[in-house]
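Chemist: Below are the sequence and a predicted model; questions follow.
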Amino acid sequence: MNSLTWNDLFVDAAQLDFSGMLLEWPGLLSGEIRPIGASVFGDLFFERRSGEIVKLDVLEGGVHFIANSFQQFSEVMNTIEWQEHHLLSDGVALLKEKGMSRASSEFFGFAPHPSFTGKIDWSKAMLLDAAVWNSICAQALRSAPALED
C-alpha cells in the first residue's frame, strides 16, 4: 500500500464551503455544530454543541455517531482500522496507485452513485468539485431506496 498522508485522506473544514454543502441536506443536522472536515469521498465530520462528533455519510446516507469528544475523535482517527472504515484508506491508496490526484477543492466521486448499485465500484471513481459531488450525493440519496442504519 502506498504511504498516505492526512491530505490524501482528509480535507480540513477551512478548505470547504460547509454552509453551502449543508444546505443540500435539510433536516439531517440540527442545533449548533462546528465543522471539522471531510473524507476525500465527501463524508462530513462535525462536532455538536455537546462535544459529540458525528459524520454525515454521503455514500450510504444518514448522520452517524463517531466519538464522544474531539479528544476521542483525535485518538480513533489515527488508527488504521478507523481510517479503513471511515476514510476508505484502502480505496484512496488504490486510486493513488492509478494516478488519481485530487485538488484540495475536489472529492473522489462515483458514477453511478453507490446507493444505486449497492457497492462502491472503484473503476467508476472520478474527480469532482466538492460542492458538486455533495449535491449529487444529496440528490441520489433522496431518490435511492432507504438503507437501514
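Modeler: Structure received. Numbers count the residues shown, from 1 in each chain.
Chemist: what about Val63, how many neighbours?
Modeler: With neighbours defined by other Cβ atoms under 10 Å, the count for Val63 comes to 17. (Glycine included, C-beta is placed from N, CA and C.)
Chemist: Next, the contact list for it, please.
Modeler: 28-29, 54-57 (Cβ atoms under 8 Å, 6 or more residues apart in numbering).
Chemist: And the furthest pair within those residues?
Modeler: Using Cβ to Cβ, the contacts of Val63 span at most 12.1 Å, a distance reached by Leu29 and Asp57.
Chemist: more crowded one of these two?
Modeler: Ranked by neighbour count (other Cβ under 10 Å), Leu29 and Asp57 place Asp57 first, with 21 against 15.
Chemist: isn't that one right up against His64?
Modeler: Yes - Asp57 is within contact range of His64, at 5.9 Å (criterion: Cβ atoms under 8 Å).
Chemist: Export only the CA atoms of the biggest helix by length in the chain, formatted as CSV.
Modeler: For the chain, the longest helix by residue count, based on DSSP state H, is helix 130-143. C-alpha atoms of helix 130-143 as CSV (Å, rounded to 0.1, in the frame of the first residue of the first chain):
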residue,chain,number,x,y,z
ALA,A,130,-16.5,19.1,-3.6
ALA,A,131,-19.8,21.1,-3.7
VAL,A,132,-20.9,19.4,-6.9
TRP,A,133,-20.2,15.9,-5.5
ASN,A,134,-22.0,16.8,-2.3
SER,A,135,-25.0,18.0,-4.3
ILE,A,136,-25.1,14.8,-6.4
CYS,A,137,-24.9,12.7,-3.2
ALA,A,138,-27.8,14.5,-1.5
GLN,A,139,-29.9,14.1,-4.7
ALA,A,140,-29.0,10.5,-5.1
LEU,A,141,-29.8,9.6,-1.5
ARG,A,142,-33.1,11.4,-1.7
SER,A,143,-34.1,9.2,-4.7
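Chemist: Okay then, goodbye and thanks.
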